[in-house]
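**Q** predicted model and sequence follow; I will ask about them next.
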Amino acid sequence: MTALARGIGIRLGLAVGLLLAVVVVVFFLIQMAPGDAALYLGAEQGVGDAEYLAKLRSQYGLDRPLLVQLGAYIGNVAQLDLGESTYFNQPVLGLILDRLFATVLLAGTALLFAVVVGVALGVFTARRPESPASHGVTVMSLLGFATPVFWSALMVIVVFAAKWGILPVGGIEDVRYHGNWFGETLDLLEHLVLPAASLGIIYLAIYSRLARASMLEVLESDYIRTARAKGAHERVVVYKHALRNAVIPVVTAAGLQVGNLLSGALLVEFVFAWPGIGRLAVSSIFRRDSPTLLGIMIFSAAMVIVANLLTDLVYRLIDPRIRVGGSR
Amino acid sequence: MTDLGIAIEPVKTSSRGALRMFLRNKPAVVGLVVFTLIVLVTLFGPGLYGVSAKKMVAPPFLGPGDDLGPLLGTDYLGRDILAGILTGGRTTLFVAAVTALMTMTFGLVVGSLAGYFGRWIDTLLMRFTEIFQVMPSLLFALVLIFLLGPGTRNETLAIGLTLWPGAARLTRAEFLRLREMEFVKAARAIGSGDLRIMFRTILPNAMPPLLAWTTLIVVIAVLFHAGLAFLGLVDVNTVSWGSMMGKNRGYTITAWWTVGFPGIAIVTTGLSLALIGDGLQDAFNPKLRGR
């Protein structure tokens, strides 16, 4: 157990270092951008003379050496201060946290749907690799890989929301349900269906193929032959012995693709006017609100790092073969 | 297109068996034919069709097949959708090709150094790679374009800077595997220098998976550029499949074809490339066929 604890400790240390590196990258990106905050503030107030700008720079510490500024920036981030939005005049972290639930709900639902249905499809088709259904999984996965998520989202809106009118076109809630918790929940789920499905289908396509490939591989392995040889029921062999190991690559892929998932969610949020972090990021660009955009960047990187840590942990729990605290 | 040439030649030179395998794979051949057609159409189509993608040629929102209008209808300003698809394909494919080249070059340099030299160089480069992997790629590209400003050059740079870690990891894995092989040891024994071993001995043998990866990177770059253009973050004066969808987004419900057709162009392109990539993978690694 101590080796496990040490392994996790090392992982945690690396994760913190990684986040620090991201913060440093973001800081230098800000420096790379033309102009600085003083110019921006000056422009906002309609004042451009050099003396005033110099005063602003010393007021905000922009005239200090670069490394001192970097230290101050890291210190702020470490105290969970991601700066203040130039558009909302509010702390960026608060703006993000207000929208976190919507994004996590959307991405989480999509991911859960993709993993569960993907594994089911993969396992089902792996038992007959040459069947039409199995070839269907291949075609579907290639289609899912080649389809822009924002396009399928729009097409889904055309069919389900506009033509058949059975689901809402966008947004997250309908005002008529306010104050009625049951109605509000149902309403939220109704708004969630199309965005989550548009996002989930892309990953479903990828995971079903991955699950099938890994199931096929596992079914050929020696321990499965042993299980069959000792006379275990086919259903026990497939669903108890094989499934456990076949799921591992899918879970790993799902965990490592959280960054991609957030990228996809950004586009889906934009199309469906879903009030999440991604939509805030896009709006921030048009508002030239760089603290918010860069804050979202750091926050998302932190989310990905945490997701990777969790994946690592889950991996250790479900895969008995992994060497504790060992190499990747 | 140039990337097509890259995709085919080493197959011929490195192993004839793989080429035969590829050509026997019907979906892959279909993908190759379709992709070649798409490239030809975007190269010569705009000239042959002769309608400007930026001019208003008919009343807005004419549906596809409408007697008065062009074949695929018109958009919200009365511009010809077909002309847009022909012209826009050039931008999309050009950016994707350049991005893929950039991604693979950068990934190759980092990955081969890390994989070949190992030890602290490997650790350092892989930690560096990780930094770029934990930043959600689209968001990172948005930030880069926000800071650098729009324009084809910056868009290509932004996409390339976000997509290289995968290529680096793949190259590293291949180099790690190959550097222990007998023929590499033999090359070292006869006194070949590090650079020569890396690029003349190991690299040709690492090409197959890298080629398959390149086709996938082109698809991802097409989708990426389309996404950025859709959000309206690229040069507004350039017609591309993504920008057509972005500009007509608000009219999708009443005029699906304005967004539908450019999307179909992307899906067809992506699918044909993905089939080629799948075929390459199968040809070089027959064990994985059908998976």
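**A** Right, received. Where do you want to start? Residues are numbered from 1 along each chain as shown, chains lettered A, B, ... in the order given.

**Q** got the contact list for the closest residue to chain A within the stretch 51-200 of chain B?
**A** In the stretch 51-200 of chain B, the residue that lies nearest chain A is residue B:138 (3.5 Å; C-beta to the nearest C-beta). For the C-beta atoms, the positions are set from N, CA and C on the backbone; glycine is no exception. By C-beta atoms under 8 Å, 6 or more residues apart in numbering or on different chains, the contact list for residue B:138 reads A:262-264, A:266-267, B:162, B:224, B:227-228.

**Q** now it: which helix or strand?
**A** Assigning secondary structure by DSSP states H and E places residue B:138 in helix B:137-148.

**Q** and that helix, what's its mean pLDDT?
**A** Across helix B:137-148, pLDDT averages out at 88.

**Q** packing partners of the next helix or strand after it?
**A** Helices and strands here follow DSSP H and E; after helix B:137-148, the next one along the chain is helix B:152-178. Judged by 3 or more C-beta pairs under 8 Å, 6 or more residues apart in numbering or on different chains; DSSP states H and E, helix B:152-178 is in contact with helix B:81-117, helix B:119-133, helix B:137-148, helix B:203-230.

**Q** any part of the first one near chain A?
**A** The reference is to helix B:81-117. No: using C-beta under 8 Å from any C-beta of the partner chain, helix B:81-117 never reaches chain A; the gap is at least 11.0 Å.

**Q** helices or strands next to that helix in the packing?
**A** When contacts are defined as 3+ C-beta pairs under 8 Å, 6+ apart, helix B:81-117 packs onto helix B:2-14, helix B:26-49, helix B:119-133, helix B:152-178, helix B:203-230, helix B:241-248, helix B:257-284.

**Q** need the contact list for residue 257.
**A** Answering for chain A, as no chain was given. The contact partners of residue A:257, by C-beta under 8 Å, 6+ apart, come to residue A:203.

**Q** wrong one, I was asking about chain B
**A** Counting by C-beta under 8 Å, 6+ apart, residue B:257 touches B:63-64, B:72-73, B:81.

**Q** and for residue A:274?
**A** Contacts of residue A:274 (C-beta under 8 Å, 6+ apart): A:102, A:106, A:170-172, A:195, A:268.

**Q** just want the angle from the host helix or strand of residue A:15 to helix B:119-133.
**A** Per DSSP H and E: residue A:15 is located in helix A:2-32. Using axes from the mean of the first three to the mean of the last three C-alpha atoms, to 10 degrees, the direction of helix A:2-32 lies 60 degrees away from that of helix B:119-133.

**Q** wait, does helix A:2-32 contact chain B?
**A** Yes: interface with chain B: helix A:2-32 contributes A:17-19, A:21-22, A:25-26, A:29-30, A:32 (C-beta under 8 Å from any C-beta).

**Q** if we take those residues, which one ends up nearest to chain B?
**A** Nearest to chain B out of these is residue A:21 (C-beta to the nearest C-beta; 4.6 Å).

**Q** do you know the pLDDT at residue B:2?
**A** pLDDT, residue B:2: 35.

**Q** my error: substitute residue A:207 in the last question.
**A** At residue A:207, the model reports a pLDDT of 87.

**Q** now it: closest residue in space that isn't a chain neighbour?
**A** residue A:118 (3.1 Å; C-beta to C-beta, 6 or more residues apart in numbering or on different chains).

**Q** look at that neighbour and tell me its secondary structure.
**A** Classification of residue A:118 using DSSP: H, G, I helix; E, B strand; the rest coil returns helix.

**Q** pretty sure it sits against residue A:214.
**A** No: assessed by C-beta atoms under 8 Å, residue A:118 is found out of contact with residue A:214, at 11.1 Å.

**Q** if I pick the residue of the stretch 51-200 of chain A found nearest chain B, what's in contact with it?
**A** When C-beta to the nearest C-beta is the measure, the stretch 51-200 of chain A has its nearest residue to chain B at residue A:146, with 2.8 Å between them. By C-beta under 8 Å, 6+ apart, residue A:146 lies in contact with B:219, B:223, B:266-267, B:269-271, B:273-274.

**Q** count of neighbours near residue 192?
**A** The chain I'm using is chain A. Residue crowding around residue A:192 was assessed by other C-beta atoms under 10 Å in any protein chain shown; the count is 20.

**Q** ah, no, chain B please
**A** Summarising burial for residue B:192: neighbours were counted as other C-beta under 10 Å, giving 15.

**Q** so what's it closest to, chain neighbours aside?
**A** Residue B:192 sits nearest to residue B:201 (C-beta to C-beta, 6+ apart), 6.8 Å away.
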